[in-house]
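> Sequence and computational prediction follow.
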Amino acid sequence: MTAEIELKRLDPRLGSEFPLPEYATALSAGMDLRAMLDQPIELAPGEAQLVPTGIAIHIGNPGLCAVILPRSGLGHKQGLVMGNLVGLIDADYQGPLMVSLWNRGRFAITITPGDRVAQLVFLPVARAVFRQVDEFERSARGEGGFGHTGVR
Ligand SMILES: O=c1ccn([C@H]2C[C@H](O)[C@@H](COP(=O)(O)OP(=O)(O)OP(=O)(O)O)O2)c(=O)[nH]1
């Protein structure tokens, strides 16, 4: 599925000095987001900072959202992940897209302007309407809470 999403370029270096977010391959699920900083920053072990991506997007479709996820290599090797673990971008959000960068590793990490630090993935969303009931229809699953399915 392809969806057209409105994008505002907030940082003029995107689209000139650095490409706008794009899919790296025909089947990539995520597009890399860049840290559009004015100058390099150093994240000490355990430190988190909110970093601008230089874009704003408006999804504008109740059936879609986006998530900001770590890049696998950076997350695994350097410990650079998201301070909110996963950033959730609502379909009605129009503000600047920010990335919370958290150094969960043991060594300082330097982020240079334009570095690809995270990835943006668009996902389908089902919105629920609750129907209140007094009793649920019985299921084979029982009521023991998690870890009680009896499956080994
Ligand atoms: O990593 C992120 C996470 C969120 N957002 C933006 C998009 C999202 O739609 C908005 C609000 O996020 P969320 O609802 O998760 O945060 P909140 O702390 O609950 O804020 P709010 O009170 O605005 O709902 O912030 C980002 O730019 N980057």
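That came in fine, so what should we check first?

> The ligand contacts on the protein?
68, 84, 87-90, 93, 97-100 (C-beta under 6 Å from any ligand atom). No exception for glycine: its C-beta is placed from N, CA and C like everyone else's.

> Residue 146: which of these is nearest?
Nearest to residue 146 among the residues of the chain next to the ligand is residue 88, at 23.0 Å by C-beta to C-beta.

> so what's the residue of the chain found nearest the ligand bridging to?
With C-beta to the nearest ligand atom as the measure, residue 87 is the residue of the chain nearest to the ligand, at 2.1 Å. On the basis of DSSP bridges, residue 87 is bridged to residue 68.

> residue contacts, it?
67-69, 98-100, 118 (C-beta atoms under 8 Å, 6 or more residues apart in numbering).

> Repeat the analysis, applying 10 Å as the threshold.
33, 66-69, 97-100, 118, 120 (C-beta atoms under 10 Å, 6 or more residues apart in numbering).

> Now, of the residues of the chain next to the ligand, which are buried?
For the residues of the chain next to the ligand, a burial check counting by 16 or more other C-beta atoms under 10 Å picks out 68, 87, 89, 93, 97, 99-100.

> Just flag the most distant two among these.
Of all pairs in those, the most separated under C-beta to C-beta is 93 and 100 at 14.8 Å.

> Next up, the contacts around residue 50.
83-84, 98-101 are the contacts of residue 50 under C-beta under 10 Å, 6+ apart.

> just the residues you listed now: which is nearest residue 73?
Ranked by distance to residue 73 (C-beta to C-beta), the contacts of residue 50 are led by residue 101 at 14.8 Å.

> Go ahead and confirm the closest one touches residue 52.
No: the pair residue 101 / residue 52 is not scored as a contact, 11.0 Å apart, by C-beta atoms under 10 Å.

> Neighbour count: these two, which is higher?
The residue with more neighbours, out of residue 101 and residue 52, is residue 101; 24 against 18, by other C-beta atoms under 10 Å.

> Can you read off the pLDDT for that one?
In this model, residue 101 is scored at 98, pLDDT.

> Now, the buried ones among the residues of the chain next to the ligand that are in strands?
With strands taken from DSSP state E, the overlap with these comprises 68, 87, 89, 97, 99-100.
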